[in-house]
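S.K.: can't give you the sequence, but here's the structure:
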Ligand SMILES: C[S@@+](CC[C@H](N)C(=O)[O-])C[C@H]1O[C@@H](n2cnc3c(N)ncnc32)[C@H](O)[C@@H]1O
């Protein structure tokens, strides 16, 4: 008999097995043990599982004491994407819900994923395309790699290019192996228990790749949360923020002037990395963990507090020069963003902004200066240059926010029809 994922249980205690049901006994399987946890009846949770009998939609679950036989009526749902019954907390008042672990063992071409979230958000995950039609993830999690990982002094593991790369090269596309609701409701040790269940239910290779990731605190009591804190990316699903672990891109170290950019496609649950300036073979590939447009002391304290390292990248090392130019960057940006009649914005300002970004290696963030250049040229009636910079802004946004982003559509439309945009000749009026 195929045991399908459990979606609802109704439990009833009975004195003994003689219910007139015709039951066929099966060997104990993980699903029987899991059922004991997913029932709402507390007493049932801790019964030792000695046997499990199934018949149609009914499971008979009993303990060593024959007077403690429990019948569990199970409503199986063959369309559910979950490979195990949900493993749930009690009802949490503060959340007005339970939190449960959901696992799909074959997600993402076999790597699997576990999600720790509320039942209502789990339903939203289940409606996402990759759970309904795995073919949408074709080419994702692929082994065709132009990078490998190796240890670098003072940084731990790092992602290194195995070949020359150019701006715009699409480097990686991976699905998450663990997704965790950011609600901070459970006490730390309870949280760890549920997260361990989430990791234990993953296929062995996937579980190992999670457990091999870097840790900040090395506290064995909470190692799953330690790995989560050090390696997670944020993703919004069902209107709620979640932390997600993508083991391969988790090896990307930080640089305030990185040579790569990433975006998360929440509808396909896929993390993409693009190269943002030419990279030579064996060069480290980096992303930024923080906004580069903050003074160095703020970036450094954020990186120390959140990731436990002292940033010594080129921008942090040349702190005085960068912080000084940062003031110029912010000043020019506010001039270019000023659309009042007496604005002093010029096309030269826009070009100076691009120069400043490039001179400090901020190639991963050129969407902003290119966008300003497109609007500024358009506002002075130079449609040829407006189109050129709108295309560059669109390309930069695609690498940073993905092709579904609203601002990508905006730059595409200006590149197609600059004269239809409100900014056309705006500063010549
Ligand atoms: C997401 S992991 C990156 C991969 C990690 N190096 C590894 O060994 O798996 C984040 C951790 O890497 C280290 N790290 C990242 N960028 C760094 C940098 N620029 N300098 C020093 N350590 C860095 C820190 O320990 C940080 O907590």
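M.R.: Alright, I've got the coordinates. Worth saying up front: this structure is predicted, and the values here are computed from it rather than measured.

S.K.: from the ligand, how far off is residue 166?
M.R.: Distance, residue 166 to the ligand, by C-beta to the nearest ligand atom, to the nearest Å: 23 Å. All C-beta spots, glycine's among them, are computed from the backbone N, C-alpha and C.

S.K.: tell me, how many residues neighbour the closest residue to that residue other than its chain neighbours?
M.R.: Using C-beta to C-beta, 6 or more residues apart in numbering and skipping residues adjacent in sequence, the residue nearest residue 166 is residue 278, 5.6 Å away. Residues lying near residue 278 (other C-beta atoms under 10 Å) number 13.

S.K.: go on, residue 350?
M.R.: Considering only other C-beta under 10 Å, residue 350 is surrounded by 26 other residues.

S.K.: pretty sure it contacts residue 368?
M.R.: No - judged on C-beta atoms under 8 Å, residue 350 makes no contact with residue 368 at a distance of 10.8 Å.

S.K.: so what's the residue in the stretch 151-300 of the chain that the ligand sits nearest to up against?
M.R.: In the stretch 151-300 of the chain, no residue comes nearer to the ligand than residue 156, which is 2.7 Å away by C-beta to the nearest ligand atom. By C-beta atoms under 8 Å, 6 or more residues apart in numbering, the contact set of residue 156 is 214, 253.

S.K.: and it, what's its pLDDT?
M.R.: Residue 156 carries a pLDDT value of 97.

S.K.: make residue 1 into 302 and carry on from there
M.R.: Shifting the count to begin at 302 puts that one at residue 457.

S.K.: in terms of helices and strands, where is residue 691?
M.R.: helix 684-702 (DSSP states H and E).

S.K.: from the chain's centroid, how far away is that helix?
M.R.: What separates the centre of helix 684-702 from the centre of its chain is 26 Å, taken as C-alpha atoms, centre = their mean, to the nearest Å.

S.K.: packing partners for it?
M.R.: strand 561-566, helix 668-680, helix 707-717 (3 or more C-beta pairs under 8 Å, 6 or more residues apart in numbering; DSSP states H and E).

S.K.: quick one: stretch 469-488 near the ligand?
M.R.: No - residues of stretch 469-488 contacting the ligand under C-beta under 6 Å from any ligand atom: none, with a closest distance of 13.6 Å.

S.K.: now do that stretch: distance to the chain's middle.
M.R.: With C-alpha atoms, centre = their mean, you get 3 Å for stretch 469-488.

S.K.: how about stretch 463-477?
M.R.: For stretch 463-477, the distance to the chain centre is 17 Å (C-alpha atoms, centre = their mean).

S.K.: which residues touch it?
M.R.: 408-409, 412, 414, 431, 438, 440-443, 446-449, 536, 545-550, 561, 570-583, 586, 664, 696, 700.

S.K.: and it, which residues are buried?
M.R.: Residues 466, 468, 470, 472-477 are the ones in stretch 463-477 that count as buried (16 or more other C-beta atoms under 10 Å).

S.K.: again with stretch 521-534
M.R.: Buried-residue list, stretch 521-534, by 16+ other C-beta under 10 Å: 523-534.

S.K.: sec struct for the residue in the stretch 302-451 of the chain positioned nearest to the ligand, please.
M.R.: The nearest approach of the stretch 302-451 of the chain to the ligand comes at residue 450, 7.7 Å away (C-beta to the nearest ligand atom). Under DSSP: H, G, I helix; E, B strand; the rest coil, the three-state class of residue 450 is strand.

S.K.: quick one: name the residues of the protein near the ligand.
M.R.: 455-458, 514-515, 517, 531-532, 551-552, 554-555, 608-610, 612, 614.

S.K.: next, count neighbours for residue 719.
M.R.: 22.

S.K.: now do the contacts for it.
M.R.: In this structure, residue 719 makes contact with 679, 684, 687-688, 691, 725, judged by C-beta under 8 Å, 6+ apart.

S.K.: identify, from the residues you listed, the entry nearest to the ligand.
M.R.: For the contacts of residue 719, the nearest to the ligand is residue 691 (33.5 Å; C-beta to the nearest ligand atom).

S.K.: all strands for the stretch 352-501 of the chain, in order.
M.R.: Applying DSSP state E, counting those that start in this stretch to the stretch 352-501 of the chain gives strands spanning 352-356, 359-363, 370-377, 388-389, 401-405, 414-418, 448-453, 457-462, 471-475, 479-482.

S.K.: isn't residue 654 up against residue 630?
M.R.: Yes - using C-beta under 8 Å, residue 654 makes contact with residue 630 at a distance of 6.7 Å.

S.K.: thank you kindly, that will do.
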